[in-house]
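*Asks:* I'd like to go over a predicted model; first the sequence, then the structure.
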Amino acid sequence: MFALTPILRRSGLAARPTKSVFDRFMEEMGLPDLWLEEDEKSWIPALDVTETEKEIKVSAEVPGIAREDIAVSLTEGLLTVSGEKKEEKEEKSEGRTVSERCYGSFSRTVRLPAEVDAEKVEASYKDGVLTISLPKSESVKTTKITVKS
């Protein structure tokens, strides 16, 4: 539910009215644009969002990116992970036959399912995985209620 997957579609006039209606809906809901034009292919990291009683944890696969090239921000319940995967520059006399690796800037935004304590958010990066721990605000703690007969 939280890690929305972008939709790749071919450019075309038929899809434009749908795209604009969908874009307005997503914007009004505070969600990211999920449409990618075929010529706008970019690298988008996969996210996992898990929630416990005390915290929300977001993990993002960002292999090949230096820690310094990753940015994390939290604004009004929206967590944004952005950065850049820089292309390796190698001078070789032989030409490249196939290149399937993606490079460039990326940005992922997810709406958090609960209010968090922004002062206690922590992010760590190890082995190509960015892990963000977001403790829930005290006001959001779950209270169990006994059902009486």
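*Replies:* Everything's here; your move.
*Asks:* would you confirm that Leu78 contacts Leu112?
*Replies:* Yes - between Leu78 and Leu112 there is a contact at 7.3 Å, judged by C-beta atoms under 8 Å. All C-beta atoms are positioned from the backbone trio N, CA, C, and that covers glycine.
*Asks:* okay, now the unreliable bits of the chain?
*Replies:* 1-20, 22-23, 26-27, 29-42, 88-100, 140-142 (pLDDT under 70).
*Asks:* all helices of it, in order?
*Replies:* 16-28 (DSSP state H).
*Asks:* what ranges does this structure have for its strands?
*Replies:* 7-9, 35-37, 47-51, 55-61, 70-75, 78-85, 104-111, 122-126, 129-135 (DSSP state E).
*Asks:* wait, which of the ones you listed is closest to Lys148?
*Replies:* Lys148 lies closest to strand 47-51 among the strands of the chain, at 28.5 Å (C-beta to C-beta).
*Asks:* neighbouring strands for the closest one, and are they parallel or not?
*Replies:* Using DSSP bridges, the strands paired with strand 47-51 are strand 55-61 (antiparallel).
*Asks:* could you check the angle strand 129-135 makes with the strand it pairs with?
*Replies:* 170 degrees (axes from the mean of the first three to the mean of the last three C-alpha atoms, to 10 degrees).
*Asks:* and the angle from strand 55-61 to strand 104-111?
*Replies:* 160 degrees.
*Asks:* and strand 55-61, which residues are buried?
*Replies:* 55-56, 58-60 (16 or more other C-beta atoms under 10 Å).
*Asks:* nice, that's everything, thank you.
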